[in-house]
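In: Next come a sequence and a model predicted from it.
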Amino acid sequence: MLHKTRGIVFRLTKYGETSIIVSIFTEAFGLQSYIVNGVRSKASKNKIALYQPLTLLDLVVYHREHGDIMRIKEIRCAHPYHSLPMDVRKTSMAMFINEIVNKTVKDQSHAHELCDFMFYSLMSLDEQTAGVENFHLIFLLKLARFLGFGAQQVNEVMGFRVASDILEALMEQLLAADYGDVLVITNEQRRELLELLLKFYAEHIETLGEIRSIQVLREVLG
């Protein structure tokens, strides 16, 4: 049966000589895998751009319950990014976000709300002009709420970990912040806050493992 849905590309894998299998988080069905034939051929080389990680899509897809790999009938970019591909800070944020969602987003429940959140977050990152350096911290706190372990208070994030009063105050600001808010945080404080947030995530997601894109973030943000 055919269905219209929005979606966000999570990852793609080469399949055969010219095809791919693409993992897309859809508004209608949650995380789904689709096979796209011939998209890596010379005749279709421009279409591969639609399947790059974190591309926002409008889709018409074939769907059957309990199917493993589906097919896409129609696809178009729902929101072409303007600044994100050209701004190295935003690109590094996008790499981090993509790694995080691939490691954490598994459940199919609340797909509509999570898709809304992802669209809002990525469009905000694309359009943001100030406070970009703190985007990933706010994103982690917001995403946790959709993953089932969102925090309302600082002590819920900190657990039994010890941090300075300044860091706790900054974490409180982050909990209340939206993406456009400008918070005064030093590079060192930002690194410490990220470490605390990733430990918070690791407590709830045993398979989180190493986040490789952190090194890129550190190099770009200082």
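Out: Nice, I can see it. Numbers count the residues shown, from 1 in each chain.

In: Given the longest strand anywhere in the chain, what are its sheet partners and their directions?
Out: Counting by DSSP state E, the longest strand found in the chain is strand 2-15. Strand pairing for strand 2-15, using DSSP bridges, gives strand 19-26 (antiparallel), strand 56-62 (antiparallel).

In: Deepest-packed of these, please.
Out: strand 19-26 (a mean of 21; mean count of other C-beta atoms under 10 Å). Glycine gets a C-beta too; all of them are placed from N, C-alpha and C.

In: Pull the distance from it to the chain's centre.
Out: Its chain's C-alpha centre and that of strand 19-26 lie 15 Å apart, by C-alpha atoms, centre = their mean, to the nearest Å.

In: pLDDT on it, on average?
Out: Strand 19-26 carries an average pLDDT of 96.

In: buried set for stretch 193-201?
Out: Leu193, Leu194, Leu196, Leu197, Leu198, Phe200, Tyr201 (16 or more other C-beta atoms under 10 Å).

In: quick revisit: of the strands paired with strand 2-15, which is nearest Asp178?
Out: strand 56-62 (19.4 Å; C-beta to C-beta).

In: Please list the residues outside the closest one that contact it.
Out: 1-9, 24, 26, 32, 34, 50, 70-79, 119, 122-123 (C-beta atoms under 8 Å, 6 or more residues apart in numbering).

In: still on that earlier bit, using TSV, please lay out the buried residues of stretch 193-201 together with secondary structure.
Out: Shown next, in TSV, are these (DSSP: H, G, I helix; E, B strand; the rest coil):
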residue	secondary structure
Leu193	helix
Leu194	helix
Leu196	helix
Leu197	helix
Leu198	helix
Phe200	helix
Tyr201	helix
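
In: From Ile138, how far out is the residue most central in space within the chain?
Out: Closest to where the C-alpha atoms of the chain average out (C-alpha atoms, centre = their mean) is Ile97, at 3.8 Å. Using C-beta to C-beta, to the nearest Å, Ile97 is found at 11 Å from Ile138.

In: again with Leu193
Out: Distance from Leu193 to Ile138, by C-beta to C-beta: 10 Å.

In: what residues are shared contacts of the two?
Out: What both Leu193 and Ile138 touch, as defined by C-beta under 8 Å, 6+ apart, is the set Leu174.

In: Can you show me the helices along the protein?
Out: 88-104, 111-127, 135-147, 154-158, 165-176, 187-204, 214-221 (DSSP state H).

In: Those helices into CSV, with extra columns for mean pLDDT?
Out: Listed next are the helices of the chain as CSV, based on pLDDT from 0 to 100:
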stretch, mean pLDDT
helix 88-104, 96
helix 111-127, 97
helix 135-147, 97
helix 154-158, 94
helix 165-176, 96
helix 187-204, 95
helix 214-221, 90
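
In: a markdown table for the ones you listed, including distance to Arg64?
Out: A markdown table is the format used below for the helices of the chain (distance: least, C-beta to C-beta, whole Å):
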| stretch | distance to Arg64 |
| --- | --- |
| helix 88-104 | 24 |
| helix 111-127 | 17 |
| helix 135-147 | 26 |
| helix 154-158 | 40 |
| helix 165-176 | 41 |
| helix 187-204 | 32 |
| helix 214-221 | 39 |
